[in-house]
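> next come a sequence and a model predicted from it.
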Amino acid sequence: MVSVQRRSILGALLLNVLAGGGQLAANELPRLPKGVDPKTHDFQEQKNLPDLKAPYVSSSPEDIGDGLEVGQLDAPGAHEAIDALMKNDQAGKYANLDSLLLWKDGKLIFEMYNRRGRVDGPHYAMSVTKTMVSVTLARAIQLGLLSMRDLDKPVIDFLPGIDRTKIKTGVETITLRNALFMKSGLRFPTKTYAYSLGEKYQRQKHFQQLFENTTPIKPSNKSYKYTGTDPSLIMMIIDLRADGTAQEFFAKEVAEKFGAIYCWGNQGCGIPKCGAGSSFTSRSLLKIGTAIARGGKYKGEQLLDAEYVKEVLNTNKGEGYFYFFHNRKKRSPDNKVNFISGIGAGGQYMSIFPKLNLVMVATSHNKGKIGAPLEAVLDHLIPLFRK
């Protein structure tokens, strides 16, 4: 256990009276109220979580035995940077920031929770859910359920229940890589068509309906379109290849391996929600992010396929959205891609900064202002590591 003095450089902020009496000591990580089950702590339940009376801020995070090594944020100017960050956050500059974590060179060095942030409380991930579909695929490839060569094969080759005589022209040309780049070309009568199928069509029957009711697909209309249908295609294939359901595969082969605390329900067709709909604790997302940064390894074990992760981290593709990760440049000194990230509405981030060997996780409950948590990090923390 690290000392109280090392756990927080802003301990004075932490000695505020909590609802129900008592104080939040500098060595107390904020946790969910008793009786709240993280496994069912979904988006709706999270709305009922009361805001913390005071933020928890630590530049020397506590080792809670969850698999994350801990260290200290002791770079020159760190104290002043964190003080400025917290003052701006309290003033509302970054909207409703709930958590902010930094991992650098193998260790968790900064941890902040405020408002709805709890160390053991899953936070809705929105489109980071798509990124977690990609992580699940990387695990499936590592276990041999699929191969990297399979990424360039038609998705219908992996869906034996599809009646090919009824599908629209061009559906047979959609590859897994097309779906992973959001370029399947699937287009429907309304924006909510796929959702409108509800529970009427399960698993492959759901995709049969999609394939029959899309507009014909041509190479010219396989353009980028951000959607929940393309990641659902990937998850459906995992569901068919895994021993058990996709939910069971994720629970055993991803969540259990990383010690992840999460809540992730199914969509109407019976596979996990893929466009949005999952919730993870910030530390869980951080552990998975560090595995991406380390080429798919976690605690020395190759959990995610190394070749797949190498493709995810490849910045030669330039800016864009690949394998359900955003490749972005933001205040990049060399004007090149400088971070690779899962990004979700409301300000959810699982971001890898490869050149800095740094991983950032942030959660928020913002209306709009999706970029606010990133601005907080770029304003105050990233400059500490750039020479």
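Yep, it's here.

> where does the protein have low pLDDT?
1-27, 387 (pLDDT under 70).

> which helix runs longest in it?
Secondary structure of the chain per DSSP state H: the longest helix is helix 128-142.

> for it, name the packing helices and strands.
helix 229-241, helix 246-250, strand 278-280, helix 282-293, helix 306-313, strand 339-344, strand 348-353 (3 or more Cβ pairs under 8 Å, 6 or more residues apart in numbering; DSSP states H and E). All C-beta atoms are positioned from the backbone trio N, CA, C, and that covers glycine.

> next, the angle helix 229-241 makes with it.
40 degrees (axes from the mean of the first three to the mean of the last three Cα atoms, to 10 degrees).

> now the following helix or strand past helix 128-142: how far from the chain's centre is it?
Next along the chain after helix 128-142, taking DSSP states H and E as the criterion, comes helix 176-180. On the basis of Cα atoms, centre = their mean, to the nearest Å, helix 176-180 sits 19 Å off its chain's mean C-alpha point.

> please shift the residue numbers so they start at 263 in all later answers.
All set: I'll call the first residue 263, so the last point we hit is now helix 438-442.

> may I have helix 438-442 as CSV, with CA atoms only?
The C-alpha trace of helix 438-442 is given here as CSV (Å, rounded to 0.1, in the frame of the first residue of the first chain):
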residue,chain,number,x,y,z
LEU,A,438,-14.8,-8.6,-43.1
ARG,A,439,-12.3,-5.8,-43.7
ASN,A,440,-14.9,-3.8,-45.5
ALA,A,441,-17.1,-4.1,-42.4
LEU,A,442,-14.1,-3.2,-40.1
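
> what is that helix packed up against?
helix 491-503.

> pull the residues that contact the helix it packs on.
For helix 491-503, contacts defined as Cβ atoms under 8 Å, 6 or more residues apart in numbering pick out 391-392, 395-396, 398-399, 402, 407-408, 417, 420-422, 436, 438, 440-442, 444-446, 448, 456, 465-466, 469, 472, 507-508, 511, 529, 531, 533-534, 536-537, 586.

> quick check on those: which are buried?
With burial judged by 16 or more other Cβ atoms under 10 Å, the buried subset of those is 391-392, 395-396, 398-399, 402, 407-408, 417, 420-421, 436, 438, 440-442, 444-446, 448, 456, 465-466, 469, 472, 507-508, 511, 529, 531, 533-534, 536-537, 586.

> run the angle between the longest helix of the chain and strand 610-615 for me.
50 degrees.

> send the alpha carbons of helix 390-404 over as CSV?
Taking C-alpha atoms only, helix 390-404 is exported to CSV below (Å, rounded to 0.1, in the frame of the first residue of the first chain):
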residue,chain,number,x,y,z
VAL,A,390,-16.2,2.5,-27.7
THR,A,391,-18.5,-0.5,-27.9
LYS,A,392,-17.5,-0.8,-31.5
THR,A,393,-13.8,-0.8,-30.5
MET,A,394,-14.5,-3.6,-28.0
VAL,A,395,-16.0,-5.6,-30.9
SER,A,396,-12.6,-5.2,-32.6
VAL,A,397,-10.8,-6.3,-29.4
THR,A,398,-13.1,-9.4,-29.3
LEU,A,399,-12.1,-10.2,-32.9
ALA,A,400,-8.4,-9.8,-32.1
ARG,A,401,-8.9,-12.4,-29.3
ALA,A,402,-10.8,-14.7,-31.7
ILE,A,403,-7.9,-14.5,-34.2
GLN,A,404,-5.3,-15.2,-31.5
